[in-house]
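**Q** pasting the structure only:
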């Protein structure tokens, strides 16, 4: 018996004993944790295709799904109610860590499961030390994170860079898609979304699936072509997708292989959904745990982590050099979510906010050293999931149409817009009706307008679907108010989201989600400004995909459209970095041959003298829909006005075909 097997057996036996003998106020917590690990052990020791997967899925996720979460120890409000503030917060954190053993068990990772079992036993021993339980719980937490940081970070980096015959790869490439039971092998929460999507895609002809995948993989290839990056030097591509899309993903894996790329898949964690994901059992659970590291984050830990990251990327530098970037399949249609803001959830101190921002910034700079942003590309495409409603299949087919519009037609129309925009010094954007947007955008000066342009003619390559022209504005002189009556950003809903700008920087912000202004401002600061006091406007764009806009209105799903599609359905402004972050020096041209010169602003220009202040590692698009849009008027240096859009309609000659009567109903 190996050392890890011995540790596993000892931990499993002790957990069973503890559940049988425990008494007192912590008995229910101990027993529920023990039940979780009992199920995890069953999975770990089972044969891979055992039929108990459905039962296990229900057992493992029912306690945090829906209303059951209200009485779960994974809920900080409930844990604190039972055990008091400090003990409750700590035990809630531990409980979320225990749940990370679930996917480890499906991956047959006995070491990972054993670590969490041992963590549980340490916590159980500590809570009976009543006088100093909180101190010991915090110390145990800190040293657990500290001691295993290197292993966890290496696992994450290795999974991103190194192709392997992983469980996810085997599910995608070997499953019989006619039987949706294969979905349960992931160990993720499986709902009707995943099952219906898998059944629907499995029913499509292989040529249809191959065509869908081709739109996605060709967009990826074109991204390299447009950016002038040699794809032949790359060997790996990371596919991120929603479970249920395996029939399409298998086609994509094969098509990428024809390009010389092998696929890597990354697994989401229990509280961070990125990589291969499913419908979340409870978005409030994810939201409640978003700042769990506030319980232990300090300067020493941040500094140590950055040293680890540098060392690991140096170890994997050869693999990093041939990493081509992510290819993402997003989904939309889930029930809209407005989180409850809980005082019981961990939150950052001011010092921790600074540390968190510093860590993300420095991590990004280290990663960029080994995987420079001007050496890789990406692509993103989005499709609806069944939760969007009874018209799911119709909406899916409409989305395919949106994703495959005639690029040549859009190239021509968007060039007409760019030619007009390039005559301007400033652009004025206003709202109408309840929308009180009133913002001026300062454009870069074109020294050689015959061969230079401010705006990129964005077609369907990295950013599918087609339909926008965009620029990085000059910050000085960019000012005013940006307002949208309702918008859905990064899976969170905002009512009356508003920003005020001076010289391109946010000076004030608010929304109307909650009764108290303090809560509204905190919500915006945490989730849009990412705990910063201000951010610059990194992008100004005019969306041209009126087909997507009409689809949203036709089916009443405007609020559910992902940013990827929503940004194409009106003018939008991005807070944070420009679209050319860390790749400003790459020479890019539009299809007409003109060089795009507006790739940075006064913030990103600091990379030459103070790179720490140049980038923000975020980019959030906020779109004004056509029905809230007033005018977009270009002001030239000669004092002339060129109207691009009037009362939400395209009026510039050569762009009128973008107008669809369906846009203006209601």
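**A** All right, it came through fine. Predicted model only: the values in this text are computed from it and were never measured.
**Q** Who are the packing partners of the helix ranked longest in the chain?
**A** In the chain, taking DSSP state H as the definition, the longest helix is helix 133-161. Applying 3 or more CB pairs under 8 Å, 6 or more residues apart in numbering; DSSP states H and E, one finds that helix 133-161 makes contact with helix 85-99, helix 110-127, strand 262-264, helix 299-315. C-beta: built from backbone N, CA, C; applies to glycine.
**Q** So for residue 323, which of those sits nearest?
**A** strand 262-264 (8.4 Å; CB to CB).
**Q** So which elements touch the very next helix or strand once past the closest one?
**A** Downstream of strand 262-264, the next assigned helix or strand under DSSP states H and E is strand 276-277. Under the contact criterion of 3+ CB pairs under 8 Å, 6+ apart, strand 276-277 touches strand 236-242.
**Q** Tell me how far residue 388 lies from residue 371.
**A** Applying CB to CB, to the nearest Å, the value for residue 388 to residue 371 is 35 Å.
**Q** Listing request: residues of the stretch 251-400 of the chain with sub-threshold pLDDT.
**A** Along the stretch 251-400 of the chain, segments meeting pLDDT under 70 span 269-273.
**Q** Break down it into its helices, ranges please.
**A** 283-288, 299-315, 317-321, 350-370, 392-403 (DSSP state H, counting those that start in this stretch).
**Q** Return the list of helices and strands in contact with the shortest one.
**A** Contacts defined by 3+ CB pairs under 8 Å, 6+ apart place helix 317-321 against helix 350-370.
**Q** what does the fourth one give?
**A** For helix 350-370, the packing partners by 3+ CB pairs under 8 Å, 6+ apart come out as helix 299-315, helix 317-321.
**Q** If you count neighbours, what's buried in the longest one?
**A** The one in question is helix 299-315. Applying a neighbour-count criterion of 16 or more other CB atoms under 10 Å, the buried positions in helix 299-315 are 301, 302, 305, 306, 308, 309, 310, 312, 313.
**Q** What sits closest to residue 605 if chain neighbours are left out?
**A** Distances taken as CB to CB, 6 or more residues apart in numbering place residue 614 nearest to residue 605, at 7.3 Å, with adjacent residues excluded.
**Q** Residue 584 is in contact with that neighbour, correct?
**A** No - if you go by CB atoms under 8 Å, residue 614 and residue 584 don't touch, sitting 9.7 Å apart.
**Q** These two: who's more crowded?
**A** Between residue 614 and residue 584, residue 614 has the larger neighbour count (other CB atoms under 10 Å), namely 22 against 17.
**Q** Number of residues surrounding the residue lying closest to residue 587 once chain neighbours are set aside?
**A** Leaving aside its chain neighbours, residue 587 sits nearest to residue 595 (6.4 Å; criterion: CB to CB, 6+ apart). Counted with other CB under 10 Å, the neighbours of residue 595 add up to 13.
**Q** what's the distance between residue 595 and residue 181?
**A** Distance from residue 595 to residue 181, by CB to CB: 54 Å.
**Q** pLDDT below threshold where in this structure?
**A** Of all residues in the chain, those with pLDDT under 70 make up the ranges 48-51, 130, 269-273, 661-666.
**Q** repeat that with 80
**A** 1, 47-52, 129-131, 268-274, 460-461, 491, 660-666 (pLDDT under 80).
**Q** wouldn't residue 452 be in contact with residue 598 here?
**A** No - here residue 452 does not reach residue 598: they are 9.0 Å apart, not a contact under CB under 8 Å.
**Q** Please compare those two by neighbour count and tell me which comes out ahead.
**A** residue 598 (25 against 16).
**Q** That one: which element?
**A** Using DSSP H and E, no helix or strand contains residue 598.
**Q** Verify the contact between it and residue 454 for me.
**A** Yes - with contact defined as CB under 8 Å, residue 598 counts as touching residue 454 (4.3 Å).
**Q** any residues in contact with both of those two?
**A** By CB atoms under 8 Å, 6 or more residues apart in numbering, residue 598 and residue 454 have these common neighbours: 443, 444, 471.
**Q** OK, contacts around the first one?
**A** By that I understand residue 443. By CB under 8 Å, 6+ apart, residue 443 lies in contact with 421, 424, 425, 426, 427, 454, 471, 473, 474, 598.
**Q** wait, is residue 538 part of a strand?
**A** Yes - assessed by DSSP: H, G, I helix; E, B strand; the rest coil, residue 538 belongs to a strand.
**Q** ok, it touching residue 474?
**A** No - assessed by CB under 8 Å, residue 538 is found out of contact with residue 474, at 12.0 Å.
**Q** Mind checking which of the two has more residues around it?
**A** Legend: neighbour count by other CB under 10 Å for residue 538 and residue 474, higher for residue 538 (28 against 22).
**Q** Against residue 33, how distant is the more buried one?
**A** Counting by CB to CB, the gap from residue 538 to residue 33 is 44 Å.
**Q** quick one: contacts for residue 359?
**A** Contacts for residue 359 (CB under 8 Å, 6+ apart) come out as 302, 305, 306.
**Q** Distance check, residue 274 against residue 268.
**A** For residue 274, the distance to residue 268 - CB to CB - is 6 Å.
**Q** out of these two, which sits in the busier spot?
**A** Ranked by neighbour count (other CB under 10 Å), residue 274 and residue 268 place residue 268 first, with 16 against 12.
**Q** residues in contact with the more buried one?
**A** With CB under 8 Å, 6+ apart, residue 268 has these contacts: 188, 274, 275, 276, 277.
**Q** Which two among those are spaced furthest apart?
**A** The two members of the contacts of residue 268 with the most space between them (CB to CB) are 188 and 274, at 13.0 Å.
**Q** doesn't residue 201 make contact with residue 245?
**A** Yes - assessed by CB under 8 Å, residue 245 is found in contact with residue 201 at 6.6 Å.
**Q** These two - which one has more neighbours?
**A** Neighbour count, other CB under 10 Å: between residue 245 and residue 201, residue 245 has more, with 24 against 20.
**Q** Show me what residue 621 bridges to in the sheet.
**A** residue 574 (DSSP bridges).
**Q** I figured it hits residue 565, correct?
**A** No - applying CB under 8 Å, one finds residue 621 not in contact with residue 565, separated by 10.8 Å.
**Q** out of those two, which sits in the busier spot?
**A** Remark: of residue 621 and residue 565, residue 565 carries more neighbours, 27 against 23, as counted by other CB under 10 Å.
**Q** can you pick the most crowded of the contacts of residue 268?
**A** Counting by other CB under 10 Å, top hit in the contacts of residue 268: residue 188 with 25 neighbours.
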